[in-house]
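Participant: build me a structure from this.
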Amino acid sequence: MTTTSEVFDNLGGALMIGGCLALRPLLRPRYARWGATAAEVARPLPGDERVPHPVLVQTLAVTINAPAAAVWPWLAQIGQERGGLYSYELLENLARCRMHNADHIEPAWELQAGDRVRLGPPGYPVHAVVALARNRWLLLAGADIAT
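Facilitator: Residues are numbered from 1 along each chain as shown. Next comes the predicted model:
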């Protein structure tokens, strides 16, 4: 059952998303490197070689005060048929994504290279796990598949 707190959290998230979309043209330089240090923006990252001359470049980062081994199991189970997206579940489900965020680690859900990460039921966007380095990084690419 959805709590009042979850409804207000999702409403706040919807307002932030709307504000970001409306202000994006004005705030583009800030959004192009949200949370990333100058060193992170300058260094090559896994997957950069896939697009040698990009038209648009974004380097987004967040600092999590926890060891990578504690964060990885959560990151490695993202997706609609796994642990969810750990985002605004109510909003995702208003968009009919059928998303349910996990509150525990399920080892069987850990992503491997070649796996698909669904953002909703069939017909919604899907990403493929192109490569990963356990406890370090996960590289996804759009996967144009019919399932």
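
Participant: quick one: residues contacting the closest residue to residue 80 other than its chain neighbours.
Facilitator: The spatially closest residue to residue 80, leaving aside those adjacent along the chain, is residue 118, at 3.9 Å (CB to CB, 6 or more residues apart in numbering). From N, CA and C alone the C-beta is placed, and that goes for glycine too. With contact taken as CB atoms under 8 Å, 6 or more residues apart in numbering, residue 118 is in contact with 79, 80, 81, 124, 126.

Participant: count of neighbours near the fourth one?
Facilitator: The number of residues packed around residue 124, counting by other CB atoms under 10 Å, is 13.

Participant: residues contacting it?
Facilitator: So residue 124 contacts 80, 97, 118 (CB under 8 Å, 6+ apart).

Participant: measure residue 25 to residue 14 for me?
Facilitator: As defined by CB to CB, to the nearest Å, residue 25 lies at a distance of 20 Å from residue 14.

Participant: and the pLDDT at the residue nearest the centre of the chain?
Facilitator: Per CA atoms, centre = their mean, the C-alpha nearest to the average position across the chain is that of residue 85, at 6.5 Å. Note for residue 85: predicted pLDDT of 87.

Participant: try residue 118
Facilitator: For residue 118, the model assigns a pLDDT of 90.
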